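Asks: no letters, just coordinates:
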């Protein structure tokens, strides 16, 4: 167990469950009661109260565990610019030259030794960043010990993720990729290239556009896309499912996983809006992973899915900086929000103090707190988040 570094957010959710079809279950509208224990070195309030109601706007970018204060602005600027349209601000963040340079810039602490406690029952760990940058990395354990990984984080997060997988049996039955940005797919690239003998991966699920599309819409992302595709091409074909789309279903023990959308190829925020969103249904609870879905993609997702987006737990889109619009969160109606977000982004702090940045995270927090009345919010700025789902 990580003493002073991780959150243990252990909760019991009691719901009425209604079986709607042989393909899965549906959570009824019964109110979910949550008992939560949070252990943290630096406890903080889950939400900011008194935020005004705001209109839906388009998105920016985010991060994870807070860098050292002296490095915070440099790291923040490079991360906030990656994968997004440039925010309107007096000093616009610089875009890093390529993904490999950025990965080195944020740190390479993935090879240090870690003490990792295994999960029990149906559970999920959302991992904190090892390099001080935005990322998404979750490991889900089924009732009988099978593992599902969602994204994985940066290359610098690869070693930490591997230790969690090894502590829970060392075999990943399903690896789900939302989109090929370095803060989501870099760890998988690192593992395939440098650590393939440490764990076993049975199948990888994704939907990428041709490399030529990324060259057209987002040159800064091409290096990671090419590198990852090169490593995937080395795997046996039976380990790959590269055609995930709306309605695609994956069963891992008691986990029923559904892809909620086809890959969108939109003109606005194109790579983020190409995220595949996944609903993980344990039979008791539903967890929705939105990846980096942005405003226009989220609007389309809402039109296509409607009430089927309802979930008990949601991973905040685009690291919580209102990636999707407020109406989408209203459709999801979550009881618990998971924020893959660093301290500075949680505070929308560009170096000038609280809410001084362009990322609108505080605005999104206001939606969830004041309008949706969500009072269970867990953020990886405090460390790993562990949820017991049974």
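Replies: Arrived safely, thanks for sending. Note that the coordinates shown come from a computational prediction; the quantities given were computed from them, not determined experimentally.
Asks: how about residue 126, phi and psi?
Replies: phi -100, psi 120 (degrees, to the nearest 10).
Asks: what's it in contact with, if anything?
Replies: 136, 137, 138, 315, 338, 340, 378, 380, 384, 385, 387 (Cβ atoms under 8 Å, 6 or more residues apart in numbering). Where you see a C-beta, it was placed from the backbone N, CA and C, and this is true even at glycine.
Asks: can you count the residues close to the first one?
Replies: Right, the one you point to is residue 136. 33 (other Cβ atoms under 10 Å).
Asks: ok, it touching residue 185?
Replies: No - if you go by Cβ atoms under 8 Å, residue 136 and residue 185 don't touch, sitting 9.7 Å apart.
Asks: overlap in contacts of these two?
Replies: Shared contacts of residue 136 and residue 185, counting by Cβ under 8 Å, 6+ apart, come down to 151, 152.
Asks: which residues in this protein form helices?
Replies: 69-81, 99-106, 158-167, 182-194, 211-217, 222-232, 270-273, 295-305, 326-332, 343-346, 361-366 (DSSP state H).
Asks: what's the closest of these to residue 282?
Replies: Closest of the helices of the chain to residue 282 is helix 326-332, at 16.6 Å (criterion: Cβ to Cβ).
Asks: could I get the average pLDDT for that closest one?
Replies: Averaged over helix 326-332, pLDDT sits at 97.
Asks: run through who's touching that helix.
Replies: Under Cβ under 8 Å, 6+ apart, the answer for helix 326-332 is 54-56, 288, 298-299, 301-302, 305-307, 309-311, 314, 317, 367-368, 371-372.
Asks: next, count neighbours for the closest residue to residue 171 other than its chain neighbours.
Replies: Computed as Cβ to Cβ, 6 or more residues apart in numbering, the closest residue to residue 171 that is not its neighbour in sequence is residue 200, at 4.6 Å. Using other Cβ under 10 Å, residue 200 is surrounded by 13 other residues.
Asks: contacting residues for residue 200?
Replies: Taking Cβ under 8 Å, 6+ apart, one finds 170, 171, 172 in contact with residue 200.
Asks: who wins for most neighbours among those?
Replies: Per-residue neighbour counts (other Cβ under 10 Å) across these peak at residue 172, which has 25 neighbours.
Asks: ok, that one to residue 165 distance?
Replies: Counting by Cβ to Cβ, to the nearest Å, the gap from residue 172 to residue 165 is 6 Å.
Asks: common neighbours of those two, please.
Replies: Taking Cβ under 8 Å, 6+ apart as the contact rule, residue 172 and residue 165 both touch 147, 149, 199.
Asks: just the ones of these in strands?
Replies: 147, 149 (DSSP state E).
Asks: pLDDT score for the residue nearest the centre of the chain?
Replies: The centre of the chain sits closest to residue 136, judged by Cα atoms, centre = their mean, with a distance of 3.6 Å. pLDDT for residue 136: 97.
Asks: who are the contact partners of it?
Replies: By Cβ under 8 Å, 6+ apart, the neighbours of residue 136 are 126, 150-153, 178, 183-184, 289, 291-292, 315, 319, 340.
Asks: pretty sure residue 312 sits against residue 283.
Replies: No - judged on Cβ under 8 Å, residue 312 makes no contact with residue 283 at a distance of 12.0 Å.
Asks: please identify which of those two sits among more neighbours.
Replies: Comparing residue 312 with residue 283 by other Cβ under 10 Å, the one with more neighbours is residue 312, at 23 against 18.
Asks: how far away is that one from residue 231?
Replies: From residue 312 to residue 231 the distance is 34 Å (Cβ to Cβ).
Asks: repeat for residue 140
Replies: 23 Å.
Asks: then residue 366?
Replies: For residue 366 relative to residue 231 (Cβ to Cβ), the value is 41 Å.
Asks: okay, now residue 143: neighbour count?
Replies: Residue 143: 17 neighbours (other Cβ under 10 Å).
Asks: phi first, then psi, for it.
Replies: phi -60, psi -40.
Asks: list the contacts for it?
Replies: 121, 122, 253, 254, 282, 390.
Asks: ok, the fourth one - contacts?
Replies: Looking back up the chat, that one is residue 254. 122, 142, 143, 144, 282, 283.
Asks: so what's it closest to, chain neighbours aside?
Replies: residue 143 (4.6 Å).
Asks: kindly report the same for the second one.
Replies: Closest residue to residue 122 apart from its sequence neighbours, by Cβ to Cβ, 6+ apart: residue 390 at 4.0 Å.
Asks: give the contact list for the one you found.
Replies: 121, 122, 123, 143, 282, 284.
Asks: could you identify the most distant pair in those?
Replies: It's 123 and 284 that sit farthest apart of the contacts of residue 390, by Cβ to Cβ, at 11.8 Å.
Asks: neighbour-wise, which of the two wins?
Replies: residue 123 (20 against 17).
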